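*Asks:* Model the following, please.
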Amino acid sequence: MEAYIQHKTKSYKLDSNGRFNKSCDTARLQKVLAHQTYLQNPTVENRQAAIESRNRYNETIGHGKSQYEAKIKKKMTAAIEDWNTL
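*Replies:* Numbering: from 1, shown residues only. Here you go, the predicted model:
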């Protein structure tokens with residue numbers, strides 16, 4: 001029976017504009033898991049872990065955004081230089 005069952009994995013882009021990369025997704029998953037752990041067992045240690053995960057997620061998102069903006073800025077300056085050479 002297993003020979004007839006197709007096993008396909010669906011691939012998808014995390015974000016169409018490129019700001020949300022794999023490290024952002026990993027940080028988001030860690031943040032969600034830490035928050036769920038804190039909600040199930042509200043201790044001081046779990047709260048601190050949730051706060052640290054949230055801060056790490058925010059830093060990762062900010063870093064991804066700045067990388068994306070730098071890439072766009074580089075493309076724009078290259079396009080302007082191309083226009084100036086004409």
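
*Asks:* how about stretch 26-41: buried residues?
*Replies:* 27-28, 30-31, 34-35, 37-38 (16 or more other Cβ atoms under 10 Å). No exception for glycine: its C-beta is placed from N, CA and C like everyone else's.

*Asks:* Closest one to E52 out of these, please.
*Replies:* A34 (7.7 Å; Cβ to Cβ).

*Asks:* Spatially nearest residue to that closest one, not counting backbone neighbours?
*Replies:* Computed as Cβ to Cβ, 6 or more residues apart in numbering, the closest residue to A34 that is not its neighbour in sequence is S53, at 3.9 Å.

*Asks:* shouldn't that neighbour be in contact with T37?
*Replies:* No: taking Cβ atoms under 8 Å as the definition, S53 is not a contact partner of T37, at 9.5 Å.

*Asks:* Run the chain-centre distance for the helix or strand hosting I80.
*Replies:* Using DSSP states H and E, I80 sits within helix 44-85. Counting by Cα atoms, centre = their mean, to the nearest Å, helix 44-85 is centred 10 Å from the centre of its parent chain.

*Asks:* Contacts only, for the residue nearest the centre of the chain.
*Replies:* For the chain, the residue nearest the mean C-alpha position is C24 (1.9 Å; Cα atoms, centre = their mean). Counting by Cβ atoms under 8 Å, 6 or more residues apart in numbering, C24 touches 14, 57, 60-61, 64.

*Asks:* And the furthest pair within those residues?
*Replies:* Across the contacts of C24 (Cβ to Cβ), the longest gap, 14.3 Å, separates L14 and Y57.

*Asks:* and those two? which has more neighbours close in?
*Replies:* Set side by side, L14 and Y57 show more neighbours around Y57, with 19 against 12, by other Cβ atoms under 10 Å.
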